[in-house]
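J.: Okay, here's the prediction I keep looking at, along with the sequence it came from:
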Amino acid sequence: MARPEDRLVRLAEAKAVLQARAAERTAAEQAEYEAKLAQRTERERSTGRRPGGRLPTPPVPGPRDGDQYNFTDPESRIMKNPTNVGFEQDYNAQVAVDQQSLLIVGWALSNHPNDSQEAEPTLEAIPSALGTPEAAALDTGYIGPPRCWPVPNAASSPTSPRGVIPIIQARQQRFAPLPEPPPEDASSQVKMAYKLKTVLGKAIYGVRKCTVEPVIGIIKEVLGFRQFSLRGIAAAAGEWCLVCLAFNLKRFHTLSWA
């Protein structure tokens, strides 16, 4: 008799979590919807023509039929696997890597399904004793809301609150050729597109693939770390910290022979 009652309690908890996640998703999609509308307005203002295509669709609130809850590890989330285009129960691991030494100077872990909210936490993870980096190179996935402008993700703005200059490859830049610096009231999209065309922007972003990508590749292929052994975000974060430490020890050994 106790077991069915316990099952009902866990089902009620799962339902509450799914409803909370649905509300969080609706808020993010609403921000993305408003960002798309703002982007169309900016494009119409800069080109003088009304953009083609369909208008953005507003989000539908509430849980969806495909929403899932994992009873074994409730804090993990379903995420898309870029390797096989499938979906897995995962955590989102992040690293900040120094361009010269290739040492991991900051790490973070969350259960967010994409990287649009991960730039600032990863920058905050860099110890103050190491100082503040002047600039950071990030790929398109860090634009938030996902692939839309303007951005609530502070690190995606022309200058983040920490004073770090973000250089993020924005796919939308092809719509805004900028022979001259943009005005002060230009959107974040336009400012980032211009920044990427400067000599400094090209130099910083040009070394991104040879900075963080080799580190991730070594962690996966050389150290053999491809999945977490522990459950819960706190335990998984501790495990990720140990993995980053193991990489740095290996890297220190390599640098000592250089």
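T.: Looks like it arrived, so ask away. Numbering: from 1, shown residues only.
J.: what about stretch 97-111, how long is it end to end?
T.: The first and final residues of stretch 97-111 sit 21 Å from each other (Cα to Cα, to the nearest Å).
J.: got the contact list for it?
T.: 75-77, 91-96, 117-118, 121-127, 130, 207, 211-212, 214-215, 233, 236-237, 240-241, 244, 247-248, 251-252, 255 (Cβ atoms under 8 Å, 6 or more residues apart in numbering). In this view, the C-beta of every residue, glycine as well, is placed from N, C-alpha and C.
J.: quick one: which of the residues you listed sit in strands?
T.: 77, 92, 93, 94, 95, 96 (DSSP state E).
J.: quick one, strands of the stretch 101-250 of the chain?
T.: Using DSSP state E, counting those that start in this stretch, the strands found in the stretch 101-250 of the chain span residues 104-110, 135-138, 165-168.
J.: Give me the angle between the first one and strand 92-97.
T.: By that I understand strand 104-110. 170 degrees (axes from the mean of the first three to the mean of the last three Cα atoms, to 10 degrees).
J.: Tell me how far the helix or strand bottoming out on mean pLDDT in the chain lies from the chain's centre.
T.: Every helix and strand of the chain was ranked by mean pLDDT, DSSP states H and E. The lowest is helix 188-197, at a mean of 75. Distance of helix 188-197 from its chain centroid, counting by Cα atoms, centre = their mean, to the nearest Å, is 19 Å.
J.: That helix - contacts with which helices or strands?
T.: helix 2-47, strand 165-168, helix 199-206 (3 or more Cβ pairs under 8 Å, 6 or more residues apart in numbering; DSSP states H and E).
J.: Put together TSV for those, with mean pLDDT on each row.
T.: Formatted as TSV, the helices and strands packed on helix 188-197 follow (pLDDT from 0 to 100):
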stretch	mean pLDDT
helix 2-47	85
strand 165-168	79
helix 199-206	82
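J.: hey, which of these is tucked in deepest?
T.: Burial of these is given as mean neighbour count (mean count of other Cβ atoms under 10 Å); strand 165-168 ranks first at a mean of 22.
J.: Packing partners of that strand?
T.: Counting by 3+ Cβ pairs under 8 Å, 6+ apart, strand 165-168 packs on strand 135-138, helix 188-197, helix 199-206.
J.: TSV please, covering those and showing distance to residue 15.
T.: Shown next, in TSV, are the helices and strands packed on strand 165-168 (distance: least, Cβ to Cβ, whole Å):
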stretch	distance to residue 15
strand 135-138	36
helix 188-197	38
helix 199-206	44
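J.: ok, the nearest residue to residue 125 once chain neighbours are set aside to residue 208 distance?
T.: Spatial nearest neighbour of residue 125, excluding adjacent residues (Cβ to Cβ, 6 or more residues apart in numbering): residue 106 at 3.7 Å. According to Cβ to Cβ, to the nearest Å, residue 106 and residue 208 sit 16 Å apart.
J.: same check, this time on residue 121
T.: Relative to residue 208, residue 121 is positioned 19 Å away (criterion: Cβ to Cβ).
J.: Mind pulling the model confidence for the residue lying closest to residue 212 once chain neighbours are set aside?
T.: Closest residue to residue 212 apart from its sequence neighbours, by Cβ to Cβ, 6+ apart: residue 97 at 4.7 Å. If you check residue 97, the pLDDT there is 94.
J.: Without its sequence neighbours, what residue ends up closest to the residue most central in space within the chain?
T.: The centre of the chain sits closest to residue 115, judged by Cα atoms, centre = their mean, with a distance of 1.4 Å. In space, and not counting its chain neighbours, residue 115 is closest to residue 141: 4.1 Å by Cβ to Cβ, 6+ apart.
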